[in-house]
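In: structural data only, the sequence is not supplied:
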């Protein structure tokens with residue numbers, strides 16, 4: 001169930017991206033109803049595919065809500081675990097409710113890029129929380145014991161902060177680009193998108209440099225630290241290739257969608273990599 005929750009948290013980023021990239025952001029003109037007086041799209045001669053894409057994403061939110069509720073029940077009812085871990089089981093459910101509200105506000109303010117970016121960043125926080133919950137489920141509740149050296153432990157928070165900076169800059173870059181979520185209403189950040197892409201890329205390179213330093217420092221760390229480090233290299237290379245190619249090819253929808261999916265995978269991978277720096281008895 002915890003694995004399903006993490007997969008679903010990443011999947012809804014992809015479906016949300018599909019809504020935006022197909023200009024279906026206002027396919028449903030209202031919230032929580034799709035149209036005034038109706039929770040589902042209403043068929044008529046002028047109906048396009050956009051309402052169905054938007055409604056499909058809302059339906060997946062409902063599925064994710066059910067999964068999050070089951071996660072809360074499963075984790076909270078495990079009386080053998082520490083209360084801190086059991087309370088953490090409610091985080092995905094609270095996050096899904098919060099995302100539903102943010103999504104509704106996003107529609108009501110006609111897809112303002114600030115709210116769209118917030119919607120994405122909260123999803124990334126939910127991916128982090130879900131990854132932490134998954135790791136905590138496989139370990140005990142004893143005090144954490146580090147398995148990496150002092151310098152790796154000092155760089156770990158820098159790595160985490162840089163991940164956050166990369167995600168925020170990526171959201172701002174997207175908010176300045178051409179994909180507003182609707183062909184007629186196209187509010188964008190008043191920033192040069194190419195300049196933002198370069199700033200975003202610079203942050204990614206700094207993030208990569210810290211990752212390389214961690215790989216060197218942790219080369220003799222016990223498993224699974226080195227293995228997860230190799231996974232991180234693969235994720236960073238994949239994301240970098242997609243990022244540079246999408247800019248060079250004028251942001252085709254497929255590559256932007258892959259970039260969003262890879263961002264979810266990179267966020268989950270980074271979280272699990274940092275979590276491996278310590279063990280609990």
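Out: Cool, got the structure. The structure displayed is predicted, hence computed values, not measured ones.
In: just want the most central residue of this protein.
Out: residue 124 (2.9 Å; CA atoms, centre = their mean).
In: how about the contacts made by that one?
Out: Contacts here follow CB atoms under 8 Å, 6 or more residues apart in numbering; on that basis residue 124 touches 13, 167, 263, 264, 267. For glycine as for every other residue, the C-beta is placed from the backbone atoms N, C-alpha and C.
In: wait, the second one sits on residue 121?
Out: Yes. Residue 167 lies in contact with residue 121 (CB atoms under 8 Å); the separation is 6.3 Å.
In: pick out whichever of these two has more residues nearby.
Out: Residue environment comparison for residue 167 versus residue 121 gives the larger neighbour count to residue 167, 23 against 16, counting by other CB atoms under 10 Å.
In: which ones are touching the more buried one?
Out: Residue 167 touches 121, 124, 263, 267, counting by CB under 8 Å, 6+ apart.
In: for stretch 216-230, buried residues please.
Out: When neighbours are counted by 16 or more other CB atoms under 10 Å, the buried residues of stretch 216-230 are found to be 217, 218, 221, 225, 228, 229.
In: ok, now stretch 145-164?
Out: Buried positions in stretch 145-164, judged by neighbour count with 16+ other CB under 10 Å: 147, 148, 152, 155, 156, 159, 162, 163, 164.
In: from those, which land in helices?
Out: 152, 155, 156, 159, 162, 163, 164 (DSSP state H).
In: still on that earlier bit, name the SS class of the residue nearest to the centre of the chain, please.
Out: Remark: residue 124 carries the secondary structure label helix [criterion: DSSP: H, G, I helix; E, B strand; the rest coil].
In: how near is it to residue 260?
Out: Between residue 124 and residue 260 the computed distance is 10 Å (CB to CB, to the nearest Å).
In: could you do residue 159 as well?
Out: For residue 159, the distance to residue 260 (CB to CB) stands at 21 Å.
In: could you do residue 140 as well?
Out: 35 Å.
In: likewise residue 185?
Out: Counting by CB to CB, the gap from residue 185 to residue 260 is 21 Å.
In: tell me which of these two has more neighbours.
Out: Each of residue 185 and residue 260 had its neighbours counted (other CB under 10 Å), and the higher figure belongs to residue 260 (22 against 13).
In: OK, contacts around the more buried one?
Out: Shown here is residue 260, whose contacts under the criterion CB under 8 Å, 6+ apart are 13, 14, 17, 120.
In: check which helices and strands the helix or strand where the second one lies sits against.
Out: Mapping residue 14 onto the secondary structure by DSSP states H and E places it in helix 2-21. In terms of contacts (3 or more CB pairs under 8 Å, 6 or more residues apart in numbering; DSSP states H and E), helix 2-21 is packed against helix 50-76, helix 113-137, helix 253-275.
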